[in-house]
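>>> this one's sequence-less:
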């Protein structure tokens, strides 16, 4: 099960985000995975007193995010220039989440962190990563338990799409 391209940030409260993890866990069978792709907030680059950080500045588009550090709310602002010289503005609101907060939400839902990568290509997640792809797994149940799908056991090569090579022969996600 996947929530990709920062989609979880569209849930604007912590309670809604926790419920997303819980809902995913309710739909996973034993041994299956929940994968979240999420950007790292640009606030690490803030000098004191700043509340906005640009993410794109070109001759056709200026995009920047503003952040409220107290509520973890943010707004992406987009100014676009058209061929005729006119300009347009659009925005979207979000709630940012740090990886550690995602881990806690997963734990509250009964999931265990399996791996965290910097991108879909399998590159390692570091302090300088601009996003993460995190994988949590629903624990196996019972002695000698193996991943299940609707009550039937699955082999390590269960036909799931591999996230990336992480040294584990069962890297697929639900």
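Yep, that arrived. Bear in mind the structure is a predicted one, so any value in this text is a computation, not a measurement.
>>> what does the longest helix along the chain contact?
Longest helix in the chain, counting residues (DSSP state H): helix 14-27. Under the contact criterion Cβ atoms under 8 Å, 6 or more residues apart in numbering, helix 14-27 has outside partners 1, 3, 8, 11, 34, 72, 95, 97, 101-102, 105-106, 108-111, 136, 138. Every C-beta, even on glycine, is put in place using the N, C-alpha and C of the backbone.
>>> quick one: pLDDT of the residue lying closest to residue 51 once chain neighbours are set aside?
Nearest non-adjacent residue to residue 51, counting by Cβ to Cβ, 6 or more residues apart in numbering: residue 66, 5.5 Å away. Note on residue 66: pLDDT of 94.
>>> got any ranges where this structure has weak pLDDT?
Within the chain, the stretches with pLDDT under 70 are 142-174.
>>> mind listing the helices for it?
Using DSSP H, helices in the chain cover 14-27, 99-108.
>>> closest one to residue 55 among those?
When those are compared for distance to residue 55 using Cβ to Cβ, the nearest one is helix 99-108, at 19.1 Å.
>>> for the closest one, which positions count as buried?
The neighbour-count check on helix 99-108 (16 or more other Cβ atoms under 10 Å) flags 99, 102-103, 105-106 as buried.
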